[in-house]
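# Test case, fold it:
(one chain, ligands or ions: 1)
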Amino acid sequence: MRIPSMIQAGAAIALVMAATPAFAREELTTMQKDPNQWVMPLGNYSSTRYSELAQINTANAKDLKVAWSFSTGVLRGHEGGPLVIGNMMYVHTPFPNKVFALDLSRNGAIAWQYEPKQDNKTIAVMCCDTVNRGVAYADGKVFLHQADTTLVALDAKTGKVVWSAKNGDATKGETGTAAPTVVGNKVLIGNSGGEFGVRGMMTAYDIATGKVAWRAYSSGPDSDTLIDPVKTTSMGKAVGKDSGLAGWKGDQWKLGGGTTWGWTSYDPATNLIYYGSGNPGAWNPAQRPGNNRWSMSIWARDADTGKAKWIYQMTPHDEWDYDGVNEMILVDKAFKGKDRKLLTHFDRNGFSYTLDRVSGELLVAEKYDPAVNWATGVDLKTGLPQRVAKYSTEGNGEDVVTKDVCPAALGSKDQQPAAYSPKTGLFYIPANHVCMDYEPTKVAYVAGSPYVGANLSMYPPKGEQNLGRFVAYDAMTGKAAWEIKEPFSVWSGALATAGDVVFYGTMEGYLKAVDAKSGKELYSFKTPSGIIGNINTYTYQGKQYIAVLSGVGGWAAIGMAAGLTGDQDGLGAVGAYRGLSQYTNLGGALTVFEVPGGTAVASR
Ligand code: CA
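Got it, this is the predicted structure:
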């Protein structure tokens with residue numbers, strides 16, 4: 001016994017010596033498994049938004065009550081949700097991007113707050129409200145990506161700035177709305193501005209110093225995209241030299257969008273990160289011949305080097321603004337009798353894609369909204385969508401209105417993240433149910449001005465009234481187990497729990513708890529404003545709580561948030577959601593729920 005244990009001790013020493021750069025990786029990889037905390041925006045690296053907590057369950061969810069609440073003092077759309085680290089909750093706001101550290105041991109009293117100084121002109125270059133989707137935590141720091149693209153590291157105890165770095169230039173329309181993701185000793189952040197001709201990129205900063213470790217663009221030569229012409233694959237084949245140039249005419253790739261404003265997932269076993277790229281610029285497809293690689297794509301990259309392992313382009317040569325940035329949900333389960341490491345993604349284009357996340361093999365692509373009509377399906381051999389000619393906005397021509405395209409530009413689902421329960425095997429999708437008219441128009445590029453070139457109108461599918469759905473969905477078969485119709489888009493991130501309760505919020509402001517198996521409503525409460533935030537759960541002193549940010553706004557409610565009144569304003573969203581102002585009003589508020597009474601620690 002002695003000799004093996006000495007060998008083990010030696011191995012342990014070697015690990016410790018190599019451990020300094022790996023510390024943060026270990027820290028978060030362990031912390032994300034602790035259901036008592038909520039340590040990253042989507043709950044864990046797999047982005048399942050699933051909690052093992054079960055104190056709140058189908059039997060007692062009806063007894064939920066408000067435990068405490070907090071006003072953020074900011075009026076516009078509150079996307080994302082708070083983190084809970086130990087006894088501290090970190091709450092962010094839209095522009096001006098305040099961060100509050102709320103002390104759970106003092107009923108949410110303010111331990112510190114941070115308010116950056118940012119130029120108000122940044123607001124004018126944010127396409128779809130002044131949203132921010134949350135902060136990241138690691139190594140005693142809170143990371144915030146401000147609207148003006150400044151990435152700051154705050155001391156989690158004091159709120160003092162440890163370092164800051166500029167990720168872009170807001171005067172050119174480059175902005176920050178996404179939440180950062182920490183992997184190992186790097187904090188990863190994308191960029192926003194797909195409606196301003198901004199070139200998308202993902203950048204990794206050293207968490208200790210704020211120095212750039214790597215940067216990978218969505219378009220351009222291999223040296224910029226960190227694509228290997230031989231080793232990087234798409235649909236099982238090497239992509240070839242400078243694939244990020246080959247899909248474009250002339251220099252259009254420089255205005256080619258592919259911005260990376262969504263979520264990033266991570267698989268510690270393969271050290272790969274997963275995220276999506278957005279629309280090619282401009283929205284008028286006639287101005288950018290080619291397949292516009294690699295906009296509208298799912299990316300798998302090595303977390304340490306940024307090198308691309310595989311890419312899958314869902315909507316080549318987009319004609320509808322179906323950004324590919326929605327979350328990548330990583331699940332290990334059997335597919336056709338074989339255990340696979342899977343990635344499931346509910347795209348704006350209305351298809352749910354499941355791929356082998358190691359190889360990038362496309363396994364399933366099915367519509368998750370039956371209204372989707374721009375394509376009949378996806379060819380699993382080529383990966384190409386089978387387009388329907390009459391819904392081609394380019395085919396119908398410039399200055400011609402293409403009618404009744406489903407989904408609308410804001411997609412069958414936008415950035416609002418879905419949840420996955422390993423107990424039911426179902427995904428819970430907060431969905432839009434919206435169609436559009438789309439008229440491409442000529443547009444010239446002027447730095448810092450909108451680079452869109454399209455007029456849109458949005459409305460529910462023909463013969464229907466509801467703009468939203470909440471869907472329990474089997475991604476393997478493409479079948480819905482149940483769905484709840486909602487009058488407006490479900491623009492809040494879902495939460496699934498081991499108590500078999502699933503939570504979501506509505507744009508009128510209702511926090512709803514439903515039975516994961518049947519969809520039966522167990523509880524609903526009208527919060528102070530419409531909910532476009534993401535619901536989370538945690539424990540304090542052994543008791544389970546549910547937290548959500550209210551504060552209506554975002555693209556769907558841009559009319560209310562920015563005071564726009566024309567039906568086609570707000571990239572076409574204002575008319576469809578006009579009725580929302582009869583239900584709710586602006587204003588950021590956090591609401592925390594509990595089931596009063598016994599702590600029931602043992603039932604977890
Ligand atoms: Ca877009």
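
# Tell me the residues of this protein that contact the ion?
Contact residues, the chain versus the ion (C-beta under 5 Å from the ion): Gly194, Gly278, Asn279, Asp321, Asp323. In short, each C-beta sits where N, CA and C put it, glycine included.

# Throw these into a markdown table and include secondary structure, pLDDT and neighbour count, thanks.
Shown next, in a markdown table, are the residues of the chain next to the ion (DSSP: H, G, I helix; E, B strand; the rest coil; pLDDT from 0 to 100; neighbours: other C-beta atoms under 10 Å):
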| residue | secondary structure | pLDDT | neighbour count |
| --- | --- | --- | --- |
| Gly194 | coil | 97 | 31 |
| Gly278 | coil | 98 | 30 |
| Asn279 | coil | 98 | 27 |
| Asp321 | coil | 98 | 28 |
| Asp323 | coil | 98 | 31 |
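
# Identify the residue of the stretch 401-550 of the chain closest to the ion, quick one.
Ala409 (7.3 Å; C-beta to the ion).

# Am I right that that residue is in contact with Glu319?
No: between Ala409 and Glu319 there is no contact under C-beta atoms under 8 Å: 10.4 Å.

# mind showing which ranges of the chain have poor pLDDT?
Applying pLDDT under 70 to the chain flags residues 1-25, 598-604.

# What sits closest to Leu586 if chain neighbours are left out?
Leu75 (4.5 Å; C-beta to C-beta, 6 or more residues apart in numbering).

# any idea how far the one you found lies from Asn585?
Distance of Leu75 to Asn585, computed by C-beta to C-beta, to the nearest Å: 9 Å.

# cool, Phe100 as well?
22 Å.

# Give me the more crowded residue out of these two.
Of the pair Phe100 and Asn585, Phe100 is the one with more neighbours under other C-beta atoms under 10 Å, namely 22 against 13.

# Give the bridge partners for the more buried one, please.
For Phe100, the beta-bridge partners are Val91, Gln113 (DSSP bridges).

# and Arg169, how many residues sit next to it?
One correction, residue 169 is Asp, not Arg. Around Asp169 there are 15 residues (other C-beta under 10 Å).

# got the contact list for the residue nearest to it when sequence neighbours are not counted?
Leaving aside its chain neighbours, Asp169 sits nearest to Thr149 (7.2 Å; criterion: C-beta to C-beta, 6+ apart). Taking C-beta atoms under 8 Å, 6 or more residues apart in numbering, we find Thr149 in contact with Lys166, Asn167, Gly168, Asp169, Ala170, Glu174, Thr175, Gly176, Asn191.

# With Thr527 instead?
Neighbours of Thr527 in contact, by C-beta under 8 Å, 6+ apart: Gly505, Gly509, Tyr510, Leu511, Val548, Ser550, Ala589, Thr591.

# Select from the residues you listed the one having the most neighbours.
Gly505 (30 neighbours).

# and the gap between it and Ser518?
In terms of C-beta to C-beta, Gly505 sits 20 Å off from Ser518.

# cool, Gly43 as well?
Counting by C-beta to C-beta, the gap between Gly43 and Ser518 amounts to 23 Å.

# Those two: which has the busier surroundings?
A direct count of neighbours by other C-beta under 10 Å for Gly43 and Ser518 places Gly43 higher, at 25 against 13.

# Near the nearest residue to the more buried one once chain neighbours are set aside, how many other residues are there?
Excluding the flanking residues, the one nearest Gly43 by C-beta to C-beta, 6+ apart is Arg49, at 4.8 Å. Burial of Arg49 is recorded as 31 neighbouring residues (other C-beta under 10 Å).

# show me what contacts Arg49?
Neighbours of Arg49 in contact, by C-beta under 8 Å, 6+ apart: Leu42, Gly43, Pro417, Ala418, Ala419, Tyr420, Gly493, Ala494, Leu495, Ala496, Asn534.

# repeat for Val162
Lys141, Ala153, Leu154, Asp155.

# Any buried residues in the helix or strand it falls within, and which?
When elements are assigned from DSSP states H and E, Val162 belongs to strand 161-166. Within strand 161-166, the residues scored as buried using 16 or more other C-beta atoms under 10 Å are Val162, Trp163, Ala165.
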